[in-house]
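Undergrad: Model the following, please.
(one chain, ligands or ions: 4)
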Amino acid sequence: MKTTLSIIKADIGSIGGHIKPSYQLLESIREFIPRKGKNLFDDFYVSHTGDDIAILLSHQKGTGSSDIHKLAWDAFIEGTNVAKKQGLYGAGQDLLKDAFSGNIRGMGPAVAEMEIEERPSEPFLCFAADKTDPGAYNLPLYLTFTDPMFNPGLMLSPACGEGFKFNIMDVAYTEGDRIIELLAPENLYDIATLLRDNERFVIESIYSRSSGEIAAAVSTTRLHNIAGKYTGKDDPVCIVRVQGNFPATGEVLSPYSIGHYVAGFMRGSHIGPLMPVKINSPISYFDGPPIVTCHAFCVHERKFTESADVFDHPFWDYIRTKVSRKAVEIREQGFSGTAMLPYNELEYGGIVEKMEKLDKLFKIRK
Ligand code: 13P
Ligand code: 13P
Ligand code: MG
Ligand code: MG
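TA: Ligands and ions are numbered 1, 2, ... in the order given. Predicted coordinates:
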């Protein structure tokens, strides 16, 4: 019997700006899911990362199940009503469509799912990021699944040594899913060529070549592609299986020590370093910096253990200090050059009108 892991997240309102959801809002989701979905799933877990609420579910309905997606959608609708009653900021922010239409993908919330045959012990990691977009996972996943400098398992584990298959999505294409399959290690330079562009090419999933099993799944939603205007950042989620045929937990975490620069931060319009933070962390400086949390679980017969908070460790305090420094350093140049995203990423904001107005004021000097 197969197990499906689904993580579905949305921003449906938060306290004091884009900081964190209220206790009452989180509780409304925790109460709704078992009340309305008790026959649909086997276990669930609700958490928040910045202003985003993530619902993790284990069930037998496979990926893309309209029952599971509808349950999450309805929970977010219920939560939006609570957010409105409390006057939370951005109530219902990520719910971009009026009515549920079978699959929550393309409706605003971010979804990452995988259907697996459970191993006797099935450890996995659940990442959730705020104030950034799905391309934020490109570099860490690339380094874990291709680079022995970050993942010695590629040398030390025969299964990992057979390499991994990457499915990479062109998120600029909105007519459907435009996907390319590339193999590591032989297509390494092609993979890097695409993943260089975090705003356009996003890792969607990764498979083990030794067993064919899925290793990682990432949400690929770009909100502005759905809404046609700036509606907040995409704040992606990601599931990674670990140990055995897959990288060890620490090999998946190791690239997060970089605090690499990603798109997002204030108004989703800047570049900032990605800070690994403790679970249920809020947002602060300059509506950021972009943050990522990670819950480690084991799932057994579709029941979750309690989670381990892998970024709650003194090592990561040291990294957070480094990332804070990187955040201040790029902020020192304000709007200039690479500190802000290029025009095509801002084109859904007020800058378009401003540019049109200014354009008319230009004169060609004779
Ligand atoms: P085990 O000896 O428990 O398998 O641990 C190996 C490992 O993956 C440590 O990184
Ligand atoms: P969120 O996408 O997390 O809601 O943030 C929006 C924003 O504009 C922050 O400045
Ligand atoms: Mg928000
Ligand atoms: Mg958010």
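Undergrad: Any idea which residue of the stretch 251-366 of the chain lies closest to ligand 1?
TA: E251 (7.0 Å; Cβ to the nearest ligand atom). (Each C-beta comes from the backbone N, C-alpha and C, glycine too.)
Undergrad: same deal with the chain?
TA: A248 (3.5 Å).
Undergrad: Quick one: residues contacting that residue.
TA: G153, V242 (Cβ atoms under 8 Å, 6 or more residues apart in numbering).
Undergrad: What score does the residue of the stretch 251-366 of the chain closest to ligand 1 have for pLDDT?
TA: pLDDT for E251: 98.
Undergrad: Could you report the separation of it from H295?
TA: 17 Å (Cβ to Cβ, to the nearest Å).
Undergrad: next helix or strand past the longest strand anywhere in the chain?
TA: The longest strand of the chain (DSSP state E) is strand 291-300. Counting by DSSP states H and E, the next helix or strand C-terminal to strand 291-300 is strand 303-304.
Undergrad: Just give the strands next to that next one in its sheet, each with its orientation.
TA: strand 291-300 (antiparallel) (DSSP bridges).
Undergrad: What pLDDT is listed against the residue of the chain closest to ligand 1?
TA: A248 is given a pLDDT of 98.
Undergrad: What are the buried residues along the worst-scoring helix or strand of the chain on mean pLDDT?
TA: Of all helical and strand segments in the chain, the minimum by mean pLDDT, DSSP states H and E falls on helix 223-227, at a mean of 71. Residues L223, H224, I226 are the ones in helix 223-227 that count as buried (16 or more other Cβ atoms under 10 Å).
Undergrad: Residue numbers of the stretch 51-200 of the chain in contact with ligand 4?
TA: D51, D52, D130 (Cβ under 5 Å from the ion).
Undergrad: Same list (the buried residues of helix 223-227) but as CSV, adding distance to S284.
TA: Below are the buried residues of helix 223-227 laid out as CSV (distance: Cβ to Cβ, whole Å):
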residue, distance to S284
L223, 22
H224, 25
I226, 28
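Undergrad: ok, back up a step: for the residue of the chain closest to ligand 1, phi and psi?
TA: In terms of degrees, to the nearest 10, the main-chain angles of A248 are phi -70, psi 160.
Undergrad: Give the rounded mean pLDDT of the longest helix anywhere in the chain.
TA: Secondary structure of the chain per DSSP state H: the longest helix is helix 66-86. Average pLDDT, helix 66-86: 98.
Undergrad: Repeat that for stretch 183-202.
TA: 97.
Undergrad: can you dump the C-alpha coordinates of that stretch into CSV?
TA: Taking Å, rounded to 0.1, in the frame of the first residue of the first chain, the C-alpha atoms of stretch 183-202 are listed here in CSV:
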residue,chain,number,x,y,z
LEU,A,183,20.7,13.2,-15.4
ALA,A,184,23.4,13.9,-12.8
PRO,A,185,26.3,13.5,-13.1
GLU,A,186,26.6,13.4,-16.9
ASN,A,187,24.4,16.4,-17.6
LEU,A,188,25.8,18.5,-14.8
TYR,A,189,26.7,21.6,-16.9
ASP,A,190,23.3,21.6,-18.5
ILE,A,191,21.6,21.4,-15.1
ALA,A,192,23.7,24.2,-13.8
THR,A,193,23.0,26.3,-17.0
LEU,A,194,19.3,26.1,-16.3
LEU,A,195,19.4,26.4,-12.5
ARG,A,196,21.5,29.5,-12.7
ASP,A,197,18.2,31.3,-13.5
ASN,A,198,16.2,30.8,-10.3
GLU,A,199,13.3,32.9,-11.5
ARG,A,200,12.6,30.8,-14.7
PHE,A,201,13.9,27.3,-14.2
VAL,A,202,12.9,25.5,-11.0
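Undergrad: Report the distance from it to the chain centre.
TA: 18 Å (Cα atoms, centre = their mean, to the nearest Å).
Undergrad: and if you look at stretch 313-324?
TA: Worked out by Cα atoms, centre = their mean, stretch 313-324 lies 21 Å from the chain centre.
Undergrad: got it, and stretch 166-173?
TA: For stretch 166-173, the distance to the chain centre is 15 Å (Cα atoms, centre = their mean).
Undergrad: Show residues contacting that stretch.
TA: By Cβ under 8 Å, 6+ apart, stretch 166-173 touches 134, 145, 177-184, 187, 191, 194-195, 199-207, 220, 222, 225.
Undergrad: filter the residues you listed to the buried ones?
TA: In the contacts of stretch 166-173, the ones that pass as buried (16+ other Cβ under 10 Å) are 134, 145, 182, 184, 187, 191, 194-195, 199-207, 220, 222.
Undergrad: what about the nearest residue to L188 once chain neighbours are set aside, neighbour count?
TA: Of all residues not flanking L188 in the chain, T146 sits nearest, at 5.9 Å (Cβ to Cβ, 6 or more residues apart in numbering). For T146, the neighbour count with other Cβ atoms under 10 Å is 22.
Undergrad: for K85, same thing?
TA: K85, neighbours per other Cβ under 10 Å, totals 13.
Undergrad: if I look at it, how far off is M355?
TA: For K85, the distance to M355 equals 39 Å [Cβ to Cβ].
Undergrad: repeat for H295
TA: 42 Å.
Undergrad: The two: which is more packed in?
TA: A direct count of neighbours by other Cβ under 10 Å for H295 and M355 places H295 higher, at 23 against 12.
Undergrad: Please confirm that D177 is located within a helix.
TA: No. Under the criterion used here (DSSP: H, G, I helix; E, B strand; the rest coil), D177 is coil, not part of a helix.
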